[in-house]
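Asks: I'll drop the sequence and a predicted model, then ask my questions.
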Amino acid sequence: MLSSDAGKRVSQVLIAASDASLSQHVVGLLADSGHVVEAASDTAGFLALLENPATDVVFVQVDAEDPNGLELVLRARRASTVTSIVAITAEGSVDSVVEAVKRGAGHCLPRPVNASALALVLRQACEKAQATRHASALARCERSGAQGEFGRIVASHPLMQQLLAKAHQAAQSRATVLIQGETGTGKELIAAAIHQNSKRSSGPFVRLNCAALSESLLESELFGHERGAFTGAVSRRKGRFEQAHHGTLFLDEVSEIPLSVQVKLLRFLQEREFERVGGDEPLQVDVRVVAATNRDLKSMLEKQTFREDLYYRLNVVRLEVPPLRARPSDVPLLANHFLHRYAAENEKKIDGLTNEARQALAAYPWPGNVRELQNIIEQAVVLAGSASVGVDDLAIAGELRESEPVRLMIPGVTLAELERFAIQRTLDAVGGSPSKAAVILGISRRTIQYRMREWGIGSREKLEDEECEADAEPN
């Protein structure tokens, strides 16, 4: 039986195989796991089933026993550019694999088909189909000028889909939202999307970078000041809270607010009123606060550099934005999005990225996250001397050549080695969290914890803390 995680990602699966036993075997594995599966025994039936727009993955038998398979692969690709195609091939049939890929297959599955290999290929094929669908929908929105819910956020990875679903729920409420994540992950974009999808969307969205101002200037910017409140205050000035009346105030780098100003911010969140600097008249405004930080506020509580009561007032709904290295399937989507944008802005004809450039983008760890990727693509578009952006056009090319390449030769490694590589690299990307790694890999948290103990990676305390947190979560 396949994992239930894979089942959640597939709405419709189609299989075409002349070998009845093969078809029944694959259909049985898929159906037992909750997938909607249809099988075609002839070309006419296959083409009719292809018309279903909900089909995510198509399995086609391609080997010497079924010479019509290659033609079906071609027909499937012509019928849909979104559907993922998996060629089921006999062991050692290299020529069939090469030809199937040329005709549009994106994945290959060797016979005899076992459940674990099928689950892996199915998950990859489904993720690719979802990514393609998202890119197509984004292109349609851009062509029509439409702005759907969170439509400006380019993401297809499961971690981001979960985050955006939670953000959409939060947008419908009045609750204060705290967005945490590394620099460059797109926290402000998510804050803006929350405002745009809330009942306050007709009101102002006001931004303030709390790290860019001194203590006195920050207090004045937030709450405003009266005439004569300090040297240079020649007239009364409204602060950001008043400017954001009936809208949303986004406090970026909220961790940098000095303790004296934190007290006044806490008062507003508790009582919904404040005074301007130099004034004594209480003012009330209708403002929703969305805050963001790239720092660990809990550690700041221990150091007493951030007020605990303010933390809990801000942390009504917490959104954790994953770093780009933890959602690798979003890299090609974002790269294509930025490439088309900057090609249009610079009036350059750029067809796309070369295969080598795509591989380089996939191999890079992106310490600067989406902002770094955006800058890399913009520079590449500006400097590209041909219709395609190549690996040498990317500013990361030199760093990749200097780093030790990861080589996984298939065939040449065991499934156990592949499993360890996948789990360890994913844990590295999500800061060692088994729960987050489990979401990405589509396996249970306990499986990862068992492997971590087996391989001796991760501290015992961290594993026990993770188990306690997971057990405390409602089912």
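Replies: Alright, I've got the coordinates. Numbering: from 1, shown residues only.

Asks: now for the nearest residue to Gly181 once chain neighbours are set aside: which residues touch it?
Replies: Once flanking residues are discounted, Gly181 sits nearest to Val321: 3.2 Å by Cβ to Cβ, 6 or more residues apart in numbering. From N, CA and C alone the C-beta is placed, and that goes for glycine too. Residues in contact with Val321 (Cβ atoms under 8 Å, 6 or more residues apart in numbering) are Leu163, Ile179, Gln180, Gly181, Glu182, Thr185, Gly186, Lys187, Ile190.

Asks: nearest to Val370, of the residues you listed?
Replies: Gly186 (5.3 Å; Cβ to Cβ).

Asks: I figured that closest one hits Val370, correct?
Replies: Yes. Using Cβ atoms under 8 Å, Gly186 is in contact with Val370, at 5.3 Å.

Asks: what do these two both touch?
Replies: By Cβ under 8 Å, 6+ apart, no residue touches both Gly186 and Val370.

Asks: in strands, which of the contacts of Val321 appear?
Replies: Among the contacts of Val321, the ones falling in strands (DSSP state E) are Ile179, Gln180.

Asks: with Leu163 as the reference, measure out to the residue nearest to Gly181.
Replies: 7 Å (Cβ to Cβ, to the nearest Å).

Asks: re earlier: against Leu178, how distant is the residue nearest to Gly181?
Replies: Applying Cβ to Cβ to Val321 and Leu178 gives a distance of 11 Å.

Asks: kindly report the same for Ser329.
Replies: 26 Å.

Asks: outline the domain layout of this protein.
Replies: Split into domains by automatic domain parsing, the chain comes to 4-136, 158-320, 324-402, 415-472.

Asks: tell me the mean pLDDT for the last one?
Replies: Read that as domain 415-472. The average pLDDT within domain 415-472 is 74.

Asks: quick revisit: okay, and the common contacts of Val321 and Leu163?
Replies: With contacts defined as Cβ under 8 Å, 6+ apart, the residues shared by Val321 and Leu163 are Ile190.

Asks: if we can go back for a sec, in PyMOL, how would I select the buried members of the contacts of Val321?
Replies: Per 16 or more other Cβ atoms under 10 Å, the buried members of the contacts of Val321 correspond to this PyMOL selection:
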select buried, resi 163+179+180+181+182+185+186+187+190
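
Asks: just the contacts of Val321 now: which is nearest Ile457?
Replies: Distance to Ile457, by Cβ to Cβ, is smallest for Glu182 among those, at 22.6 Å.

Asks: can you pull the contacts of the residue lying closest to the closest one once chain neighbours are set aside?
Replies: In space, and not counting its chain neighbours, Glu182 is closest to Pro323: 5.0 Å by Cβ to Cβ, 6+ apart. By Cβ under 8 Å, 6+ apart, Pro323 lies in contact with Gly181, Glu182, Thr185, Trp366, Asn369, Ala429.

Asks: let's see it at 10 Å
Replies: The contact partners of Pro323, taken as Cβ atoms under 10 Å, 6 or more residues apart in numbering, are 159, 181-185, 365-370, 429-431.

Asks: repeat for Gly279
Replies: For Gly279, the contact set (Cβ under 10 Å, 6+ apart) comprises Phe223, Gly224, His225, Glu226, Arg227, Ala229, Arg236.

Asks: switch those residues over to a markdown table; also include distance to Ala360 and neighbour count.
Replies: Listed next are those as a markdown table, based on distance: Cβ to Cβ, whole Å; neighbours: other Cβ atoms under 10 Å:
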| residue | distance to Ala360 | neighbour count |
| --- | --- | --- |
| Phe223 | 49 | 23 |
| Gly224 | 50 | 23 |
| His225 | 52 | 22 |
| Glu226 | 57 | 17 |
| Arg227 | 58 | 12 |
| Ala229 | 55 | 18 |
| Arg236 | 55 | 14 |
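
Asks: among those, which lie within helices?
Replies: Among the contacts of Gly279, the ones falling in helices (DSSP state H) are Phe223.

Asks: from the contacts of Gly279, which two are the most distant?
Replies: Phe223 and Arg227 (14.7 Å).

Asks: where do the helices sit along the stretch 101-250 of the chain?
Replies: 115-144, 158-171, 187-196, 215-223, 240-243 (DSSP state H, counting those that start in this stretch).

Asks: quick one: which of those is nearest Gln424?
Replies: Nearest to Gln424, of all those, is helix 115-144, at 17.1 Å by Cβ to Cβ.

Asks: quick one: average pLDDT of the closest one?
Replies: Here the average pLDDT along helix 115-144 is 68.

Asks: could you dump the helices of the stretch 101-250 of the chain into TSV and include distance to Ser93?
Replies: Conversion of the helices of the stretch 101-250 of the chain to TSV gives the following (distance: least, Cβ to Cβ, whole Å):
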stretch	distance to Ser93
helix 115-144	16
helix 158-171	33
helix 187-196	47
helix 215-223	68
helix 240-243	66
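
Asks: quick one, which of these is nearest to Val290?
Replies: Nearest to Val290, of all the helices of the stretch 101-250 of the chain, is helix 187-196, at 4.5 Å by Cβ to Cβ.

Asks: list the contacts of Asn369.
Replies: By Cβ under 10 Å, 6+ apart, the neighbours of Asn369 are 181-186, 294, 321-326.

Asks: pLDDT value on it, please?
Replies: Note for Asn369: predicted pLDDT of 94.

Asks: excluding chain neighbours, what is closest to it?
Replies: Using Cβ to Cβ, 6+ apart, the closest residue to Asn369 is Gly184 (3.6 Å).

Asks: so for Phe338, what's the nearest residue that isn't a sequence neighbour?
Replies: Ile377 (4.0 Å).

Asks: again but with Gln374, I slipped
Replies: Closest residue in space to Gln374, ignoring its immediate chain neighbours: Phe338 at 5.2 Å, by Cβ to Cβ, 6+ apart.
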